[in-house]
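Undergrad: after the sequence you'll find the predicted model.
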Amino acid sequence: MLENCQRHHMLLGLGALTMVTILVLFVESRYAADGPRRREPQFVIEDNSTCWRNEKYTMVQECHLCSEFDIVSRSLGVCIHTHYKEVLRCQSGEIVTRSCDRVALIEQMNFLKFEVSCFVIGLLSYLVSYARDRVLSRRNYMRIERQLNRVQ
């Protein structure tokens, strides 16, 4: 079926699919940010710092990677499981550190790298198949030309 499509129809379809993909990414990132928070971790974080579960809190530092020293020495219990931490200030004034999942920006960048690599691989595949088609068409044209020259 694809061999019967004209080039501009295929480019139009590819453009439409690209636009739909970008639209879906924007919509999902918006609703993922506004939606309910991720599920709570299943592991014990620290026994004396659970005020963020019962009180309102403000985020002092966003989720970031623990230092290598904190991970190796296990000085912070929050760095043992995920290797990421965030600092919170509870309404009572207590400042606590809790474990968090990977930074959303890192996950978005990894997804973007994956999408770009898929696009590059697809583009390279297209170029190789296009070049191969041109070579085969040229060989076929030359063969037909030789046969016509022999007839005359």
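TA: Noted; the coordinates are in hand.

Undergrad: the longest helix belonging to the chain - what's its average pLDDT?
TA: If each helix of the chain is counted by residues according to DSSP state H, the longest one is helix 104-151. Here the mean pLDDT over helix 104-151 is 92, rounded to a whole number.

Undergrad: state the distance from Ala131 to Gln6.
TA: For Ala131, the distance to Gln6 equals 20 Å [CB to CB, to the nearest Å]. For the C-beta atoms, the positions are set from N, CA and C on the backbone; glycine is no exception.

Undergrad: assumed Glu86 was part of a strand.
TA: Yes. Counting by DSSP: H, G, I helix; E, B strand; the rest coil, Glu86 is part of a strand.

Undergrad: for it, give the beta-bridge partners.
TA: Under DSSP bridges, the beta-bridge partners of Glu86 are Arg98.

Undergrad: pLDDT score for it?
TA: The per-residue pLDDT of Glu86 was computed as 85.

Undergrad: that one against Ile95, yeah?
TA: No. Glu86 is beyond contact range of Ile95, at 11.4 Å (criterion: CB atoms under 8 Å).

Undergrad: neighbour-wise, which of these two wins?
TA: Glu86 (19 against 12; other CB atoms under 10 Å).

Undergrad: for that one, give me its contacts.
TA: 59, 61-64, 97-98, 100 (CB atoms under 8 Å, 6 or more residues apart in numbering).

Undergrad: please redo it, this time with the cut-off set to 7 Å
TA: 59, 61-63, 98, 100 (CB atoms under 7 Å, 6 or more residues apart in numbering).

Undergrad: so which of these comes closest to Asn110?
TA: When those are compared for distance to Asn110, the smallest value, 15.2 Å, is given by Cys63; criterion: CB to CB.

Undergrad: element containing that closest one?
TA: Cys63 belongs to strand 57-65 when elements are defined using DSSP states H and E.

Undergrad: quick one: contacts of that strand?
TA: Contacts of strand 57-65 with the rest of the structure, by CB under 7 Å, 6+ apart, involve 83-91, 95, 100, 103.

Undergrad: any idea how far Ser137 is from Val151?
TA: Counting by CB to CB, the separation of Val151 from Ser137 is 21 Å.

Undergrad: quick revisit: which of the contacts of Glu86 sit farthest apart?
TA: For the contacts of Glu86, with distances taken as CB to CB, the pair at the greatest spread is Glu62 and Arg98 (12.2 Å).

Undergrad: between these two, who's got more neighbours?
TA: With neighbours defined as other CB under 10 Å, Glu62 and Arg98 compare such that Arg98 has more, 20 against 12.
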